[in-house]
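> Sharing a model that was predicted from the sequence below.
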Amino acid sequence: MKILAVGDIVGKTGVQSLKINLPKIIEEHKIDFVIVNGENAADGMGLTEKLYREILACKVNVVTMGNHTWAKKDIFGFIEDKNIIRPANYPSNNSGKGYRIFECKNKKIAVINLIGRVTMSVLSENPFLEARNIIDKIKDTVDIIVIDFHAEATAEKIALGYYLEGDATIIFGTHTHVQTADEQILENGTAFITDIGMTGPKYSVIGMDPKASIKRFETSLPEKYRVAEGNAIFNGVIFEIDDITNEAKDIERIYIK
């Protein structure tokens, strides 16, 4: 089985890049299951139902979220949909689910979304303990466990990889929008990468217009971020899972520009 995780979709440029590139990647690499992080799809912050449906129409199986989950009020109209999850370590009374179980090629795939706590400025429970609680609950009923860890600090992401190696099949990071070159299969069989990158404007500061970003850093004055325009990059990672053992056997980065 091959699972594709697509890096954070940023703005209309990112959605368009997904529409153009995803069908070709699915066909060329014989992808069976697709995960897309969609929390930046609507003008760089949040997700609308219209864009959510457009993403699913690209043969996406599940959309994960992050620190901008609640940025658009529209989210409350579809957050309970079976193909979207939000960070599981948000307060338990929040709308939506932090993980869901999907069926593909006679396999049960659990996809878990977590959010980091280091410099993230969000109220959340401990992602390490929440991940452990979920895995202990579902490990005997699923074949494959995938985690999207939406976090800022590379150390926090890497630590989670070692904390859960051998228990999760795949752990990938999102949020920083810069694809890392540390893809690996850890000693106990977990496929890991610190960040899978971004699908959005190429000439940008992590998806945002460079002029606005530079002004904020240069002057220390508030300046509204604007999603950049122009050509796009497409970032993602392909994970190959052994159909017999359900263990990760290969990991490959995708970078299209």
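Great, that's in hand.
> contacts and neighbour counts: CA atoms only from here.
Fine.
> quick one, what contacts residue 257?
202, 231-234 (CA atoms under 8 Å, 6 or more residues apart in numbering).
> if you set the cut-off to 6 Å instead, what comes out?
residue 233 (CA atoms under 6 Å, 6 or more residues apart in numbering).
> how many other residues sit next to the closest residue to residue 206 other than its chain neighbours?
Sequence neighbours aside, residue 177 is the residue nearest to residue 206 in space, at 5.6 Å (criterion: CA to CA, 6 or more residues apart in numbering). When counting by other CA atoms under 10 Å, one arrives at 22 neighbours for residue 177.
> any idea how far residue 111 is from residue 177?
20 Å (CA to CA, to the nearest Å).
> The residue nearest to residue 199 when sequence neighbours are not counted: helix or strand, and which one exactly?
In space, and not counting its chain neighbours, residue 199 is closest to residue 234: 4.3 Å by CA to CA, 6+ apart. In the assignment (DSSP states H and E), residue 234 maps to strand 232-241.
> same question for the following helix or strand past that strand, mean pLDDT?
Counting by DSSP H and E, the next helix or strand C-terminal to strand 232-241 is strand 248-256. Average pLDDT, strand 248-256: 98.
> what's the answer for stretch 105-112, then?
In this model, stretch 105-112 has an average pLDDT of 98.
> which residues sit in contact with the residue nearest to residue 206?
197-198, 206.
> Any idea how far apart the tips of stretch 160-172 sit?
Start-to-end span of stretch 160-172 (CA to CA) is 10 Å.
> quick one: buried residues of it?
160-162, 164-172 (16 or more other CA atoms under 10 Å).
> Serialize these to CSV and add fields for distance to residue 52, secondary structure and pLDDT.
CSV is the format used below for the buried residues of stretch 160-172 (distance: CA to CA, whole Å; DSSP: H, G, I helix; E, B strand; the rest coil; pLDDT from 0 to 100):
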residue, distance to residue 52, secondary structure, pLDDT
160, 28, helix, 98
161, 29, helix, 98
162, 32, helix, 98
164, 30, helix, 98
165, 31, strand, 96
166, 32, coil, 96
167, 30, coil, 98
168, 27, strand, 98
169, 26, coil, 98
170, 24, strand, 98
171, 23, strand, 98
172, 21, strand, 98
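> For those, could you give me a markdown table that also reports distance to residue 67?
As requested, the buried residues of stretch 160-172 are exported to a markdown table (distance: CA to CA, whole Å):
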| residue | distance to residue 67 |
| --- | --- |
| 160 | 18 |
| 161 | 20 |
| 162 | 23 |
| 164 | 22 |
| 165 | 25 |
| 166 | 27 |
| 167 | 25 |
| 168 | 23 |
| 169 | 24 |
| 170 | 21 |
| 171 | 18 |
| 172 | 16 |
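> Start from the N-terminal end of the stretch 101-250 of the chain and give the strands.
Taking DSSP state E, counting those that start in this stretch, the strands of the stretch 101-250 of the chain run over residues 107-115, 144-150, 170-174, 184-185, 191-193, 198-201, 232-241, 248-256.
> any idea which residue of the protein is furthest from its center?
Distance to the chain centre peaks in the chain at residue 219, reaching 32.3 Å (criterion: CA atoms, centre = their mean).
> picking up where we left off before, so of the strands of the stretch 101-250 of the chain, which one's packed in deepest?
Stretch with highest mean neighbour count among the strands of the stretch 101-250 of the chain: strand 198-201 (a mean of 32; mean count of other CA atoms under 10 Å).
> gap between the lowest-mean-pLDDT helix or strand in the chain and the chain center?
Ranked by mean pLDDT, DSSP states H and E, the weakest helix or strand in the chain is helix 210-219, scoring a mean of 93. In terms of CA atoms, centre = their mean, to the nearest Å, the centre of helix 210-219 is set 27 Å apart from its chain centre.
> on that earlier part again, what is the nearest of the contacts of residue 177 to residue 115?
residue 197 (15.9 Å; CA to CA).
> who's in contact with the spatially most central residue of the chain?
Geometric centre of the chain, nearest residue: residue 37, 3.7 Å, by CA atoms, centre = their mean. Going by CA under 6 Å, 6+ apart, residue 37 touches 8, 63-65.
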